[in-house]
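Student: Just need the structure, nothing else, for what follows:
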Amino acid sequence: MLLKDINDKAEQLCALHEKLFTFNIMPYYLHLLDKAAGTAHFDVSEQQAIQLMEEIKKTLPGYLVPKLVKEQPGMPNKTIIA
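Tutor: Coordinates of the predicted model:
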């Protein structure tokens, strides 16, 4: 889950994904926050998230770059953004 002021910096996410890999955990999805009451202060815009993913792709090898996704009401699956 991508959260504003918690893990919305490329350096933080790169370090996290590298650490997860040391435990044989592959980062698969990076979720945008669902729109829900009381969560707006954690919201990262879709455009900011796409820019963040571009920064991550410059640093990490492809197998450590997760898919940026979000839930869409009524859709059976996650929607890939970038």
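Student: so where do the helices sit in the chain?
Tutor: 10-22, 46-59 (DSSP state H).
Student: do you know which of those lies nearest residue 2?
Tutor: Evaluated over the helices of the chain, closeness to residue 2 peaks at helix 46-59, with 5.9 Å, by CB to CB. The C-beta positions use only the backbone N, C-alpha and C, and glycine is treated the same way.
Student: any idea of the angle the closest one forms with helix 10-22?
Tutor: If you take axes from the mean of the first three to the mean of the last three CA atoms, to 10 degrees, helix 46-59 sits at 60 degrees to helix 10-22.
Student: Relative to the whole chain's centre, how far out is stretch 63-73?
Tutor: 6 Å (CA atoms, centre = their mean, to the nearest Å).
Student: same check, this time on stretch 72-82
Tutor: Using CA atoms, centre = their mean, the offset of stretch 72-82 from its chain centre is 14 Å.
Student: which residues are contacting it?
Tutor: Stretch 72-82 has contacts (CB atoms under 8 Å, 6 or more residues apart in numbering) with 29, 31-32, 46, 49-50, 53-54, 67-71.
Student: Show me what the spatially most central residue of the chain is bridged to.
Tutor: The residue lying closest to the centre of the chain (CA atoms, centre = their mean) is residue 30, at 2.9 Å. Listed by DSSP bridges, the beta-bridge partners for residue 30 are residue 68.
Student: Next one: it from residue 37, what distance?
Tutor: Distance, residue 30 to residue 37, by CB to CB, to the nearest Å: 23 Å.
Student: Please apply the same query to residue 80.
Tutor: 26 Å.
Student: follow-up on the earlier one: among the contacts of stretch 72-82, which one sits closest to residue 13?
Tutor: residue 53 (9.1 Å).
Student: So what's the predicted local confidence for the nearest residue to residue 31 once chain neighbours are set aside?
Tutor: Leaving aside its chain neighbours, residue 31 sits nearest to residue 1 (4.9 Å; criterion: CB to CB, 6 or more residues apart in numbering). Predicted confidence (pLDDT) for residue 1: 91.
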